[in-house]
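In: structure for this input, please:
(one chain, ligands or ions: 2)
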Amino acid sequence: MDLRAIVVGISLFVFSIGAEGQGLSYNFYENSCPQVEAIVRAALQPIFLTDPTAPAALLRLMFHDCQVQGCDASILVDPNEKTVSSEMAAGKNFGIRKRESINILKAMVELECPQQVSCSDILVLAAREAVAASGGPEIKVPLGRRDSSVPPNYKLADSLLPSAAIGVDGMLQLFAKKGMTVEESVAIMGAHTLGVTHCLNILNRLSGLDQGGRVEGMAPMFEAFLRINCPQGSLTSNASFVLNDPTTLTFDNHYYNNVIRGHGVLGVDAEMVMDPRTALAVKRFAADQDGFFQAFSSAFVKLSSSSVLSGNQGVVRKICNALD
Ligand code: HEM
Ligand SMILES: *[C@@H]1O[C@H](CO)[C@@H](O)[C@H](O)[C@H]1NC(C)=O
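Out: Numbering: from 1, shown residues only. Ligands and ions are numbered 1, 2, ... in the order given. Model prediction:
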């Protein structure tokens, strides 16, 4: 072994220690597919151009994949005779869209680097690009995730994904398990600066009134707006929706100004403003977009690195929506 081999060996060793303790690293595809990030970015451009709501869908897709046993691309697997059902059968995955676009990205990556890059890494990269393309921070993400090789489990997904009715307590517990601070937990909720909420997920909040006959923490005009757009007992509740944020296509800190004004769509939005544990961070992010971007970026890395498969665990799937 010559000296150069020894030096290379030592620097690899140093990198593997520094990488989140999860077997991920910032130079994982340096030799096997150095152009992977550029391929994903380029392949997303036509997808974002033809559907401006795709970034929101991809960001939520990453959350719902990573929240269930770590990002392992299990949410992408379609049902067949062997898997019988899919993670998409989980009620909490209602409204999940754009799974098929990860297949497109994967096909582009396979052309240049066959059997090298996992579907789970591509999914995390797509979410990262979704944030940047919407005007949000450019987040550096460590790579090296492996894909699950076992059938996805919709019951597990339903038990691990948060309910639309979750409060601050449940929200903080959820993200503490991913290693997030309270600030980072408030920051990751800022993902709701993008996208929509279907009426199905709002009706419960609109029917639970306080002693004054109001929805707690909601501005009266906004309540009236939601009641008109999402009437109780409507047959179209699964199809109709409201915007999470008036600037729904832009990744900005309007979400926090919005929730402070009582225009938050979910119950946890209103609670975050009132709870002393979270109120300060909400106010800080409403006034300081750079601070929000920074905290969101570190929260994003924690969410997407926690409990992942790496090394010899799992597989690198060839097609993202099938196990084999
Ligand atoms: C306590 C935690 C959370 C709860 C209770 C929650 C709940 C929800 C609900 C009910 C919707 C509406 C879905 C629909 O009706 O179509 C939604 C949408 C969305 N969520 Fe969350 N969420 C949480 C955390 C997150 C996180 C951590 C992210 C990303 C990092 C995220 C990203 C999104 C996005 C981008 C949308 C819009 C999706 C679209 O327009 O298709 N959420 N969320
Ligand atoms: C609406 O969606 C929910 C949750 O996925 C489902 O249980 C219900 O059957 C759907 N209702 C209609 C009318 O499709």
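
In: buried residues, the host helix or strand of I102. List them.
Out: Counting by DSSP states H and E, the element that carries I102 is helix 99-112. Neighbour counts over helix 99-112 (16 or more other CB atoms under 10 Å) mark R99, S101, I102, N103, I104, L105, K106, M108, V109 as buried. Just so you know, the C-beta spots here come from the backbone N, C-alpha and C atoms, and that holds for glycine as well.

In: hmm, G262 is touching M218, no?
Out: Yes. In this structure, G262 is within contact of M218 by CB atoms under 8 Å, at 5.2 Å.

In: of those two, which one has the most company?
Out: Between G262 and M218, counted using other CB atoms under 10 Å, M218 has the larger neighbour count: 23 against 18.

In: what sits against the residue of the stretch 201-324 of the chain found nearest ligand 2?
Out: Nearest residue of the stretch 201-324 of the chain to ligand 2 (CB to the nearest ligand atom) works out as N238 at 3.8 Å. N238 sits next to F94, H198, C199, L200 when contact means CB atoms under 8 Å, 6 or more residues apart in numbering.

In: of these, buried ones?
Out: Buried among the contacts of N238 (16+ other CB under 10 Å): H198, C199, L200.

In: so how far is M274 from the last one?
Out: Separation of L200 from M274 (CB to CB, to the nearest Å): 25 Å.

In: likewise the first one?
Out: Going from H198 to M274 by CB to CB gives 25 Å.

In: wouldn't C199 be in contact with I228 here?
Out: No. C199 sits out of contact with I228 when judged by CB under 8 Å, with a separation of 11.0 Å.

In: give me the pLDDT for the spatially closest residue to D288 that is not a sequence neighbour.
Out: Nearest residue to D288, sequence neighbours excluded (CB to CB, 6 or more residues apart in numbering): N253, at 7.6 Å. Looking at N253, its pLDDT is 98.

In: my guess is N253 contacts G190, does it?
Out: Yes. At 6.9 Å, N253 counts as touching G190 under the criterion of CB under 8 Å.

In: now for the two: what residues contact both?
Out: With CB under 8 Å, 6+ apart, N253 and G190 have common neighbours F285, F292.

In: how about the residues of the stretch 201-324 of the chain by ligand 2?
Out: With CB under 6 Å from any ligand atom as the criterion, the stretch 201-324 of the chain meets ligand 2 at residues N238.

In: so where is the stretch 201-324 of the chain shaky, pLDDT-wise?
Out: For the stretch 201-324 of the chain, not a single residue meets the criterion pLDDT under 70.

In: is any part of the helix holding I102 close to ligand 1?
Out: No. If you take CB under 6 Å from any ligand atom as the test, helix 99-112 misses ligand 1, and the best it gets is 11.6 Å.
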